[in-house]
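J.: Give me the fold of what follows.
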Amino acid sequence: MRIHKLALATGKLLRFVIFGSYITAKPAPNDVDIILVMTDDFDMGECDEQTLPLFQHMRAHEVFGASVFSVRPSTVLLESVDEFISYWQVKRDKGQRGIIEVILEEQS
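T.: Okay, here's the model as predicted:
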C-alpha cells in the first residue's frame with residue numbers, strides 16, 4: 001500500500017491502523033480509513049512533496065482515495081493511543097466497526 005510506504009519512509013511512523021468498511025465483509029467497500037500514529041518529534045515541514053498530502057486530510061482523500069488521520073501521542077486527548085484508536089472503533093450507532101493494525105516485522 002502506497003500510503004503505508006510513504007508514512008514508513010518518514011522514519012517517524014509508530015502505528016498504522018486501518019478501519020471502516022474496507023476491512024469488513026462488504027462485497028464493495030466504499031472507503032478506506034487510516035490512522036497514522038507518528039512520533040512526537042514528527043514535523044510535517046520535513047515531508048517531501050509526495051509525502052505531505054498524507055498529513056492534509058482533504059488532500060489525502062484526493063490523492064490517495066482514503067481518509068487519513070494522523071496523530072502524535074502527545075496530542076491524544078484521551079489517556080493513551082490505544083484508547084484513541086479504540087474510540088475510532090465505535091460507530092455512530094454505538095456498534096463496533098472492524099479495525100486492524102498493520103505490524104511490520106523487523107528487517108534483518
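J.: And the contacts of stretch 76-95?
T.: Stretch 76-95 is touched from outside by 14-15, 17, 19, 33, 35, 37, 69, 71, 73, 96-97, 99, 101, with contacts defined as Cβ atoms under 8 Å, 6 or more residues apart in numbering. From N, CA and C alone the C-beta is placed, and that goes for glycine too.
J.: quick one: which of those residues sit in strands?
T.: Mapping those onto strands (DSSP state E) picks out L14, R15, V17, F19, D33, I35, V37, F69, V71, I99, E101.
J.: I'd like these written out as TSV, with distance to V81 added.
T.: Below are the ones in strands among the contacts of stretch 76-95 laid out as TSV (distance: Cβ to Cβ, whole Å):
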residue	distance to V81
L14	8
R15	7
V17	10
F19	14
D33	16
I35	9
V37	6
F69	12
V71	7
I99	13
E101	11
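J.: Specify the beta-bridge partners of the residue nearest the centre of the chain.
T.: The C-alpha lying nearest the average C-alpha coordinate of the chain belongs to I35 (Cα atoms, centre = their mean; 1.9 Å). For I35, the beta-bridge partners under DSSP bridges are V17, F69.
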